[in-house]
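1. A predicted structure for the sequence below; I have some questions about it.
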Amino acid sequence: MSDLTAKAHHVATALKGTTLGCAESLTAGLVTSSLASVPGISEILRGGVVCYATDIKWQVLGVDKSLLARHGPVHPQVAAQLARGAARVLGAEFGLATTGVAGPGSAWGKEAGTVFVAAARGHHLLVRELTIEGDRERVRTISAGAALDLVASLGEQLESPS
């Protein structure tokens, strides 16, 4: 079992009985694909939006257009708004998002390997900044794993006592 598959199984356990929607920029579907490898995930996973293009972030997921104009798509508030937008658009309790620069060069004034992942449920929000060294695939894979870890952590934090 790959590391991403193991993390996806952890998400399935942590979010059991709830629902999840994903918004992926630099990971371009890797998070959603990893989740889809888990048997029974259809009870949790509502879907995913690959929002690689900046205009999709505001047109589909509702990220503040002025925020994107001021800071570009690689920003913690953009990650937060993507996570909340994914939950809203996909009708899910939890939203998960990735945004960043996979490389090889810089973009939007950010160095390659600069990544933000976010997980949201209602007013609860976790955002994590990563600085990852390596090639595009390493940046994307580590980002996907970090996003899965983050949403599992939020799910466990919000789990009500039995």
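-> Thanks, I have it. Residues are numbered from 1 along each chain as shown.

2. which residues does His71 contact?
-> If you count contacts by CB atoms under 8 Å, 6 or more residues apart in numbering, His71 has them with Gln77, Val78. C-beta: built from backbone N, CA, C; applies to glycine.

3. run the last query once more with 6 Å
-> By CB atoms under 6 Å, 6 or more residues apart in numbering, the contact list for His71 is empty.

4. do you know how far it is from Ala112?
-> His71 sits 18 Å away from Ala112, taking CB to CB, to the nearest Å as the criterion.

5. next one: Ala120
-> Counting by CB to CB, the gap from Ala120 to Ala112 is 26 Å.

6. count of residues packed around Glu43?
-> By the criterion of other CB atoms under 10 Å, Glu43 has 11 neighbours.

7. Spatially, what comes nearest to it if we skip its sequence neighbours?
-> Leaving out its chain neighbours, the residue that sits closest to Glu43 by CB to CB, 6 or more residues apart in numbering is Lys16, at 7.9 Å.

8. Mind giving me the packing neighbours of the longest helix anywhere in the chain?
-> Taking DSSP state H as the criterion, the chain has its longest helix at helix 136-158. Applying 3 or more CB pairs under 6 Å, 6 or more residues apart in numbering; DSSP states H and E, one finds that helix 136-158 makes contact with helix 3-14, helix 30-36, strand 94-100, strand 114-121, strand 124-131.

9. what about these, which gets the closest to Gly47?
-> Minimum separation from Gly47 across those (CB to CB) falls at helix 30-36, 7.5 Å.

10. From Val151, how far off is the residue nearest the centre of the chain?
-> Closest to where the C-alpha atoms of the chain average out (CA atoms, centre = their mean) is Ala97, at 2.2 Å. Separation of Ala97 from Val151 (CB to CB) stands at 10 Å.

11. residues near Gly17, how many?
-> If we define neighbours as other CB under 10 Å, then Gly17 has 9 of them.

12. Helix or strand: which one has it?
-> For Gly17, there is no helix or strand it lies in under DSSP states H and E.

13. phi, psi of it?
-> Gly17 adopts backbone torsions of phi 90, psi 0, taken as degrees, to the nearest 10.

14. Low-confidence stretches in this protein?
-> 160-162 (pLDDT under 70).
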